[in-house]
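Asker: My questions concern the predicted model and sequence given below.
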Amino acid sequence: MSQTFKDLFPHEITLGIIGGTGLYHISDSPELSELLEFVEEIPVVETPYGNTSSPIYIYKTLKTKETFYVSFLARHGLDHMYSPTSVPYRANIAALKKLKTKNILSFSSVGSLKQECKPTDFVLPDQLIDLTKGLREHSYFNETGIVGHISFGDPFSLELRKFLLNCNEQMKNYSQTLHENGIVYCMEGPQFSTRAESLMYKRMGGDDAKCINMSCVPESKLAKELEINYQIVCMITDYDSWRLDDKAVDIQEVIKNLKENNQNAKIFISNVVSFLDSIDTSVGQKLKGNTLNSISVKNIEHVKHGNQHLSDEGKKRLEYIFPEW
Ligand SMILES: CSC[C@H]1O[C@H](OP(=O)(O)O)[C@H](O)[C@@H]1O
Ligand SMILES: Nc1ncnc2[nH]cnc12
């Protein structure tokens, strides 16, 4: 049974976690069960953009001075039913916005484009290159009758990155290799790249080309449109297909490292949850108002007073994601 937004959770969510391939739950982790108490399961949420890909699980922190709420959603569904092209990205991010989510920490399995970035290493990219092919809905403005062009020069939240890097630095006993910046490419898939494509991406990004996945677009763009801080954590499973003396990536190669990566993801999450007291809760404020300011001047009147360009459906959708407008 799906649930409408009227019944959603009353508290603000400080950290909304999105799990990717292989990461479908966080409640099975011994590290996390000491830090987080399960509060509520919100069944698949019905939004004006369709249903979310999974229920949203809500937890509260146990060991922080202040109580924070943390949520978890599985990007591809609990049974991995949605391909990277068919994930209901707009519904997922809209539901997180409705839950008053301030920060999104998104996990993704990626191929490495650099020798030093080894399978099971993590990357916290600071840039992305969109290679998707226009098959996914990339914006909340489509079909509304208004036009918005948000700034996306910094696709990931600088403040959230700083907080995450700080958490990582403070965890002295944490041995996971984390590459602290670089470019993540997002391809359409579902097939992996050819060797020629893989080599081209590697050369195109030079030293900064770190990894490739199929899912941070449009997720990151939509989070920015809804003024939610967003950072992707890339977990390397393979060397993609640029190493000509090695075999080209296949799913068996990816699966080999999924278990270890997902265990490390849970350790990463526990580190972050342990430090939530030090998160700057005003970080989201920087994005506040950005999207309204990105709407073309002529359209502002449509938002405020409505007119023939704003359809009833468009209005319903905008009301869901931006009730403050
Ligand atoms: C299973 S390999 C390709 C698949 O894995 C990644 O998924 P996610 O980002 O959700 O962890 C990649 O983006 C592809 O969707
Ligand atoms: N080599 C690869 N290309 C795209 N997405 C991936 N996810 C995991 N490995 C990948």
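Answerer: Received the coordinates, thanks. Ligands and ions are numbered 1, 2, ... in the order given.
Asker: For the stretch 1-150 of the chain, which residues are neighbours of ligand 2?
Answerer: Residues of the stretch 1-150 of the chain lying close to ligand 2 (CB under 6 Å from any ligand atom) are 109, 110, 111. (Each C-beta comes from the backbone N, C-alpha and C, glycine too.)
Asker: out of those residues, which is most surrounded?
Answerer: Per-residue neighbour counts (other CB atoms under 10 Å) across these peak at residue 110, which has 33 neighbours.
Asker: pretty sure it is in a helix, no?
Answerer: No: read with DSSP: H, G, I helix; E, B strand; the rest coil, residue 110 is strand and lies in no helix.
Asker: and it, what are its bridge partners?
Answerer: Legend: beta-bridge partners of residue 110 under DSSP bridges are residue 236.
Asker: That one reaches residue 233, doesn't it?
Answerer: No: using CB atoms under 8 Å, residue 110 is not in contact with residue 233; the gap is 9.7 Å.
Asker: In the stretch 101-250 of the chain, what residue spans correspond to strands?
Answerer: For the stretch 101-250 of the chain, applying DSSP state E, counting those that start in this stretch gives strands covering 101-112, 122-123, 127-131, 178-179, 183-187, 209-213, 229-238.
Asker: Can you add mean pLDDT and give the ones you listed back as CSV?
Answerer: CSV is the format used below for those (pLDDT from 0 to 100):
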stretch, mean pLDDT
strand 101-112, 97
strand 122-123, 96
strand 127-131, 98
strand 178-179, 94
strand 183-187, 98
strand 209-213, 98
strand 229-238, 97
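Asker: Now render the ones you listed as CSV, adding distance to residue 263.
Answerer: Converted to CSV, the strands of the stretch 101-250 of the chain look like this (distance: least, CB to CB, whole Å):
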stretch, distance to residue 263
strand 101-112, 12
strand 122-123, 12
strand 127-131, 26
strand 178-179, 15
strand 183-187, 22
strand 209-213, 19
strand 229-238, 10
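Asker: now for those, which one comes closest to residue 53?
Answerer: Of all the strands of the stretch 101-250 of the chain, strand 101-112 sits nearest to residue 53, with 12.7 Å by CB to CB.
Asker: quick one: buried residues of the closest one?
Answerer: Buried residues in strand 101-112, counting neighbours by 16 or more other CB atoms under 10 Å, are found at 101, 102, 103, 104, 105, 106, 107, 108, 109, 110, 111, 112.
Asker: Same question for stretch 38-48.
Answerer: Applying 16+ other CB under 10 Å to stretch 38-48 flags 42, 44, 45, 46, 47, 48 as buried.
Asker: How about stretch 10-20?
Answerer: 13, 14, 15, 16, 17, 18, 19, 20.
Asker: Quick check: the second one is in a helix.
Answerer: No: with three-state DSSP as the criterion, residue 14 is strand rather than part of a helix.
Asker: Can you tell me how far it is from ligand 2?
Answerer: Using CB to the nearest ligand atom, to the nearest Å, residue 14 is found at 28 Å from ligand 2.
Asker: Run through the residues that contact that residue.
Answerer: Counting by CB atoms under 8 Å, 6 or more residues apart in numbering, residue 14 touches 68, 69, 70, 102, 103, 276, 279, 281.
Asker: Buried ones among the residues you listed?
Answerer: 68, 69, 70, 102, 103, 276, 279.
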